[in-house]
Every structure is written in C-alpha cells, then in structure tokens.
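> With the sequence up front, the predicted model follows.
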Number of protein chains: 2
Amino acid sequence: MPMHGADIPLFGVILAGGSGTRFWPVSRHLYPKQVLRLLGSQSMLEATISRLLPRIPVHRLGVVTSVSQADIIRLELFRHGREEMRLWLEPEARNTAAAVGLAAVMLADEPAAQTLAVFPADHVIRDQEALHEALNVGAALAQEGYLVTFGITPSRPETGYGYIKAGRPLLDGRGYEAVRFVEKPPREQAQAFLADGGYYWNSGIFLFRREVFLEALARYLPETYAALSRLTQEGGPSLEEVYAALPAVSLDHGIMEKAPHVAVVPADLGWNDVGSWSALYDLYPPDPRGNVRVGRVHDRDSEGTLVFAHQRLVATLGLKDTVVVDTPDATLVCHRDRVQEVKDLVADLARQNLAESQQHLTVERPWGRYTVLTGGPGFQVKEVEVLPGKRLSLQFHRFRAEHWVVVQGVALVTIGTEMRRLKANESVYVPVETPHRLENPGPEPLRIIEVQTGSYLGEDDIVRLADDFWRQPEEGGADG
Amino acid sequence: MPMHGADIPLFGVILAGGSGTRFWPVSRHLYPKQVLRLLGSQSMLEATISRLLPRIPVHRLGVVTSVSQADIIRLELFRHGREEMRLWLEPEARNTAAAVGLAAVMLADEPAAQTLAVFPADHVIRDQEALHEALNVGAALAQEGYLVTFGITPSRPETGYGYIKAGRPLLDGRGYEAVRFVEKPPREQAQAFLADGGYYWNSGIFLFRREVFLEALARYLPETYAALSRLTQEGGPSLEEVYAALPAVSLDHGIMEKAPHVAVVPADLGWNDVGSWSALYDLYPPDPRGNVRVGRVHDRDSEGTLVFAHQRLVATLGLKDTVVVDTPDATLVCHRDRVQEVKDLVADLARQNLAESQQHLTVERPWGRYTVLTGGPGFQVKEVEVLPGKRLSLQFHRFRAEHWVVVQGVALVTIGTEMRRLKANESVYVPVETPHRLENPGPEPLRIIEVQTGSYLGEDDIVRLADDFWRQPEEGGADG
C-alpha cells in the first residue's frame, strides 16, 4: 500500500522560459508572459508560486528561465521576497526536456529534492485545493515509480493541446496508467477523443522521483542526459558549451510518449494555459454581444471582439471577431482566428530589429521603473519612479549629463561629494562623469523627470560604483 | 453675346467650417479636416487657396469658419502668409446658405466682389487648369444671371452625393440649365442616373453675381436674408443674436433646388470630396492585396485594409476591409463599410467630454507647437518647439512654476527683469507669478522640455502682457 502522498516532500521546478511572443504587444522578449499581470494584480509567475504554498515551501522551489530573461524574472522574485528560490539560467531555450533535466541534475546536492513536481509558470489554475489534492495523488504514484502527468477533462475538441489516453486505473481510480499521447490532433480526432471520454488534456504539470526521471532521460534522450551530467563534473564544459549541443525536445515527446510507467491523474483545476489572446478572451466575462473590453475602450456595434487597452483611448466601430491590443508604443489588430500567428508577426519584427519586439517604453528595475517619454538628436526624456526606501546604484555616465526635476515625493540626491534633499518643484544638474545616486528616503513614491543630454544616450553608458541589488559594476547594459 | 469669363473678376469665398469629426482621430474638433495634411505636405485649406491663384488673387479671397475653429484657421493662414484674406467667424454652424449669406452681406463694401465663387475648403481637385477653365465658363453664365453649379461626371452609383440633371445646353454646350437636384439618391436611382448620362455629381462649388444670390436668398430664405441684412445696420443685433435665430439650410436645398435660373457646368476636375476614411483609401495606391498603409505599419496577410499610423508601430494580422487609424493618444479601428458612422462615434466621445474628441496631444501655436508628454498630480511635462525667429508672449502664471531644459537650439529667455541666452543642456527656473518669455533667436528650431509644477495646471492659467500675434491678454485659454 502506497505512502500517503500528502506526506511526501516535493521540490517544485517552475518552467519560466517562455519567449514573450504570443501576447505581444503586452508581452515583449524582455517582458514575457510569465511576468504579465493579464488577469489581475499578480503576475502569472507569482500566481504559480503562491498557489504552490504551503504544499511546497518557498525554499523548495526553483525557476528555470533563459539568460536573456534573467533580469526580469529575478526582479519579479525579488519584488515578492522570493530570494530563497533557486534560479537556473539556460543560455538558450532547448525546450522542456532540457530545462527539467538541468534542474534535476543541479538538484543532486539537495536532499529535499527526491521528488520533483514541474509546473509551467504561465498557466491559470483557479482551484488551488484541487491542485494540491492532485499533487498528493501524483506523489503517491511517483513513489511507485511512475512518471506522473496531470490530465484536464476536455470541454471542447481543442486542436491546440496534447491528449493523454487513460488506461488501467491506479490508486482506486484516482489515477490511471497513461497508454497514449497525441499532440495537437486534427479536429475529427479531437472530437472522437471527446466522445470517447477516456482522454485528457495534457496540463504540462509533471511529477516524478528525480532518479526515475534521470533514468528515463538517460534511456530515451541519452545525448541530453550525457551532456547535462557533465555539468556537475569538476573541470567539465561550461553551460554554454553544453547547451549549444543539446537537442530541443519536449518532455512529453522525448520521454512521456516512450516511457512504460507513465500515469495520468485527472484533475479538475479550473485550468487554462492562456496560450493566446483568444484564450484570454475566454477568461473574461463578455458583454451580451460577445465583446470583452479592458481599459479605455469606446465601442459602437462590435461583436465577438477583444479590446485590451491601457491609458490611451481605443475606439472601435462595427468590428467582428477582432482582437485589438494597445500599448504605449505599439498596437496589434488581428482577426480572432489568427491569434496563433502573432508569434510569427513578432518574429518578423525581431528580424527587423524593431525595439518594439524587445521591450516596453516602461522598464522595470529593482528600485522602481522608468518610462521613456521622448527623445531626439542629443536628448532623451524619462519619467523615473523610485519605490519608498529604495535607491539606484551609485553610478556615473561618460557621455551624458542629466537634469532632474522632482515632481512627486522627496529625493535624497548625491552629486559628487555633495548630498542634498530635494522636494517637488526642485531640480538638480548631474554633469557628465560625475558620480551620482538617487534615493527615495520617504514613505511615498518618488517621481522625477530626467532630461538627458549628450553625444551618446545608450542605456549601456553606465559605470556602477555600488549597488543595493545583484547588479555588478561590470554588467552595464541597464540604467540605474 | 456674353463677356469672356476669364476677364470677370471673382471673389472667392472658402467654406472652412467643417466639424472635424469624420477623420477622427486624426481630425479633432479643434483641428478639423480642412487643416489636415491627409495627402501630402499641404493642408486641405492651403491647397484650396493655392489652386485658386492666380485666377483669384489672395486679397480677393475670404474664409468662413466657426468661432471655435478660428484659432487653428487663423494659424493656418498666418503660417502661409495669407493675412490679406478676409475671415468671417460664425458663432455656430448654420449650414452653407447662412455661411455664404454672411460673406455676401459682409462683402457689400467690396467693389471687387460683384461675382462670388464659393469653394469647400476640404475637397481634393487634381486638375487646377480644368478648374480655372470651368470657373471662366461659370463666370460668363453668372453674368447672364445664372446661379452656377459645377458638375462632376459620375464614375459610380454613389449614394452619398447630390446629383444635378442637365437640361438645355448653354454657351455652345459648355454648360447646361440645371433642371433637377437629387440629394443622396437610393442605389437604384443612382444607377439609373449613371445609365442616363445626363446627371452630374454636385461638386459643392458655386458661382454667381452677389446681387443675384442675395435676391434668391431674399426670395427663398427670407428669414435668413432678413436676419443677415441687419448685421450691416448701425446699432443692429450682434452676430451671436442673428445666428441664434438662423435656420440651418444648405445652399443646394434652400436655394438651388428652387431657383429658376440655375446652371451646371460639367467639369472634369480630378475631384474627390474626401468625405470619410473610405474616400481617403481611394486616393492612395493600394498594394496587390488592396491594402493602403501609411506610416509605421507591419502587416501579415490582410486584405482591403487602410492603416494610417504615425510614429507608433501598428501591426495587423489577417484583417479584412478594416480601417485602423492611430494617433499618439487615440486609435480607431472600424469596418470599412462603417466609416460614415465615425462622426456618431465622435459625438459619443464629445458627450462624455473626452479630451480626445477635442484636441491632440500636440497643439499648434503661431510660434511653433507643444506636446504634452506626461502628467500626474501636481505636475505636467511638455516638449515645446519654437520656430526660428519666433517668440511666445510675455506672460506669467498664477499657480504654476516651470523648469525649462533646452535640448536643441538656442533660447533667449526673459525671467522677471533678467535676460539670458541658453543653449542645449542648460536650464532655467521660472517661479510662480514671474513674468517670462521664451524666444528663439537662432536659425534652427528651439526645443525645450518644460516641467510644470503647481496646484493648478490648466492652460487657462496664463496672463499675457505682450504678444507678437493676434492673441489678446484677456483671451487666456491657450498656452504661450
């Protein structure tokens, strides 16, 4: 008789390496879906973390993401006091088998990581209790040597998901042996699965004993296993060298479809993978004409339309099944049936090196955020917000001078060897090559307008002399 | 035998009272279609003026517009050195019979205004020579006592225009008696007109002897005639009082449809009334899939779509027959068949007192322009551009202080009794209630960033002490 799953310690591995293309222009390459607040005040990542607590304590959680998204993920963890979590940075994305393999290999030294649970960072799960219950069932099955998947009862013949066929019941029918995986079936097949009743959507959540997973990895993806294993050897190759040679294979396709002892635990989680703008449309209550409108939207006579606006006004007239997404520097307008192709559109923009594919006008920083307001030959204007009690690094610039005007709150300003307190309507000048620091000593946000002038205004003109955060002087590349 | 039309002096009356709603969000109530540069570098108004020269010299041209649009029309005339032109301001719009009536009455003292030609300020006419030729034919007919209209050969069964039926030939067939006016016929009737061949579109251009027009006005719109006539009486009612009582009737419906001696001169002018976004679509060459794209637009796979962007990026995907118009503070997305309803949508916005129905973030001024970059509680940031050799009024503000940072060009700044020259990267502070002036003494544009702080930041907090332009100290209501 199996151990009760609730007693089994789990280590949670959160996969947060999404590329930020499907929710463009709200997502950007450097501001991917997992840090978006698409559905309320929490980011998808923070919602993923907080719904695992207390089943999995925060010090037994880790995140796998890419080097290019490390800054924003680290910032998101930092903002919520999640510094205890592990963070693994992949030099480049190599799909889920490599990501989970990396975590499994790196957790060799962690006694509390005998059993791993893997979670996408960017799904919606409404029923946290059902998740914990399903994890306990999965944990019990994992102790029997199963690679466990979690299955969602299909509600429509969706062609964009993977399906798992349930076989022999396990644990009194709380789970099943998984006998077949079908990725993205054609519509007729999906309809047959729905009619059959024995098929589940693959939720992308996995649970297994670390050793069982590594054995399966060694057997079904020996190249990946061998390469990753070298990471723990003294004097072995670098992470970059290892990753350059790794095949890009998904955990489902590379291992689950092939391994013999795979289980599926049906779980009614209130799950949505939020895979596109169209999925988001499904998550909001529509008006009687089937429109979903968020932000400053004025509509006349549209139907089945999703409009996602922010501060700017979006006016729509007589549209049908259209998606309009507006951000301060870019707007997307597309047919609702074509939302899957947004990623191709963003690939076009990236090929053209358009900044709008990379980041927003507002850039998040550990101390707050800044927004580029305007710029021209030899100047750039930013609005800078510093959170209470936070300060930027002590820094200087080689090519630019800065004028700061405080418009809200109180600033403690260091310019060279002088320190001054400035309040709203006071200003200060920071000459080129002069060390300076901006700090918010007060209880309310500090807001300044910064006018930069100089021959070169790139964000990488920064020399950090001291920093409260994890940024090293030699890092450069980011303001403040 | 009639006098040769080319020898007859004309006075041109340009109707520029359009309400700025059909081309929202590019047009605004305070920035109407006639000042837009929809089709190149000239505004519709300036194009209308310049195509009349030299047939009608500039000192024999006048503009009728509304009080609320006076600033922007005056500015447009000023920018092109058209100060010699007459300007009549209607307190409120009362359709074309009143507008032309006002000009005709006010021109009683003008000996060169025996024969009036009336032009909409916001139509496209590609063939200027054909226009001059048609005006000469019309001028000859006007001397015979005709009220002359100009007819465009119809190219499609358009249901949005007025049609004129030609009768007995005049002047060897260069004109005809107009025997019937039909405004906006149903499609079948429009098709029958097209098949008949004897019908023309009403171009909205008119030509007549001033006395002949006033007689017709007195006969067919006696109320309008009587009210307007009182304007020239000493001690008569004010323009506001007169207009409050005027009926709103078009020249076509009120006079042309009823008067017996009306002529139509066929004119192949390359004419387009640019009545909606859909008309603009017709004026640009489409790509092979029928898309017209202006500005920073990236498209995948759309058809029959008009996208009008500016600096921001607009990305479109799989759209059909859609109009997307983007501006810095508002975006319109509508079906191409519904563009006529844009005016209703703007009426909605105006009812909600949304600033986006009234004006742009960039506001034109006689000395240059300013753009609102951002704002918040107690502050507002503007980018101010001063044209070479121009200066703002000498002014002060009761409630706000201003920080100016020069980012381009050279500024001559007066603060209180002090005058200073500032170049890029220099700044100055303007305290509350301190008279100040900003001037560009140099040959290149002057650009400054202005950070305003204060308890009240409305544009009407301005006391003008001296001004180079037409603005009076008591006017207020507009910055600079």
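Happy to help now that I have it. Numbers count the residues shown, from 1 in each chain, chains lettered A, B, ... in the order given.
> any idea how far chain B is from the spatially closest residue to A:Arg156 that is not a sequence neighbour?
In this structure, A:Arg156 finds its nearest non-sequential neighbour in A:Leu194, 7.4 Å apart by C-beta to C-beta, 6 or more residues apart in numbering or on different chains. Where C-beta positions appear, they are placed from N, C-alpha and C, glycine not excepted. For A:Leu194, the distance to chain B equals 27 Å [C-beta to the nearest C-beta, to the nearest Å].
> hang on, A:Leu194 in a helix?
Yes: per DSSP: H, G, I helix; E, B strand; the rest coil, A:Leu194 lies within a helix segment.
> show me the residues around it that make contact.
A:154, A:156-157 (C-beta atoms under 8 Å, 6 or more residues apart in numbering or on different chains).
> Got a PyMOL select line for the buried ones in those residues?
To isolate the buried subset of these in PyMOL, counting by 16 or more other C-beta atoms under 10 Å in any protein chain shown, use the following:
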select buried, chain A and resi 154+157
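> Break chain A down into its structural domains.
Split into domains by automatic domain parsing, chain A comes to A:5-272, A:277-351, A:362-466.
> Adding mean pLDDT and distance to B:Pro441, write those out as a markdown table.
Supplementary listing: those in a markdown table, determined by pLDDT from 0 to 100; distance: least, C-beta to C-beta, whole Å:
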| stretch | mean pLDDT | distance to B:Pro441 |
| --- | --- | --- |
| domain A:5-272 | 95 | 43 |
| domain A:277-351 | 95 | 35 |
| domain A:362-466 | 95 | 19 |
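> closest to B:Leu283 out of those domains?
Closest to B:Leu283 of the domains of chain A is domain A:277-351 (C-beta to C-beta; 21.0 Å).
> ok, back up a step: and of the domains of chain A, who's closest to B:Phe11?
Set against B:Phe11 and scored by C-beta to C-beta, the domains of chain A come closest in domain A:277-351, at 40.8 Å.
> Establish whether that closest one and chain B are in contact.
Yes: counting by C-beta under 8 Å from any C-beta of the partner chain, chain B is contacted by domain A:277-351 at A:298, A:300-301, A:312-320, A:322, A:324, A:326, A:329-335, A:337-338, A:341-342, A:344-345, A:348-349.
> just checking, which of these belong to strands?
Among the residues of domain A:277-351 next to chain B, the residues falling in strands (DSSP state E) are A:298, A:300, A:313-317, A:322, A:324, A:326, A:330-335.
> of all those, which two lie farthest apart?
Of all pairs drawn from these, the greatest distance, 24.4 Å, lies between A:Arg300 and A:Ala330 (C-beta to C-beta).
> Could you spell out the sheet neighbours of the longest strand along chain A, each with its direction?
Secondary structure of chain A read by DSSP E shows that its longest strand is strand A:199-209. Strand A:199-209 has its sheet partners listed here by DSSP bridges as strand A:115-120 (antiparallel), strand A:147-152 (antiparallel), strand A:162-170 (antiparallel).
> To B:Pro120, which of those lies closest?
Set against B:Pro120 and scored by C-beta to C-beta, the strands paired with strand A:199-209 come closest in strand A:115-120, at 60.1 Å.
> which residues of chain A fall in helices?
A:44-52, A:70-79, A:95-106, A:128-143, A:187-196, A:210-220, A:222-229, A:239-245, A:251, A:277-283, A:342-351 (DSSP state H).
> Does anything pack onto the fourth one? Which helices or strands?
In this structure, helix A:128-143 makes packing contacts with strand A:115-120, strand A:147-152, strand A:175-183, strand A:199-209, strand A:262-266, judged by 3 or more C-beta pairs under 8 Å, 6 or more residues apart in numbering or on different chains; DSSP states H and E.
> Report the angle between the fourth one and helix A:95-106.
What it means is strand A:199-209. Relative orientation of strand A:199-209 and helix A:95-106, computed by axes from the mean of the first three to the mean of the last three C-alpha atoms, to 10 degrees: 20 degrees.
> what about A:Glu144, neighbour count?
16 (other C-beta atoms under 10 Å in any protein chain shown).
> do the one 3 residues further on as well
Burial of A:Leu147 is recorded as 24 neighbouring residues (other C-beta under 10 Å).
> Next: A:Phe206.
Counted by other C-beta under 10 Å, the residues lying close to A:Phe206 total 27.
> for A:Arg351, same thing?
Neighbours of A:Arg351 under the rule other C-beta under 10 Å: 9.
> and the gap between it and chain B?
Separation of A:Arg351 from chain B (C-beta to the nearest C-beta) stands at 11 Å.
> List the contacts of A:Gly20.
A:Gly20 sits next to A:27-33, A:69 when contact means C-beta under 8 Å, 6+ apart.
> distance of the residue lying closest to it once chain neighbours are set aside from A:Phe78?
Among residues not flanking A:Gly20 along the chain, A:Pro32 sits closest, at 3.2 Å (C-beta to C-beta, 6+ apart). Between A:Pro32 and A:Phe78 the computed distance is 17 Å (C-beta to C-beta, to the nearest Å).
> Please state the offset of the longest strand of chain A from the chain centre?
Computed by C-alpha atoms, centre = their mean, to the nearest Å, the chain-centroid distance of strand A:199-209 equals 19 Å.
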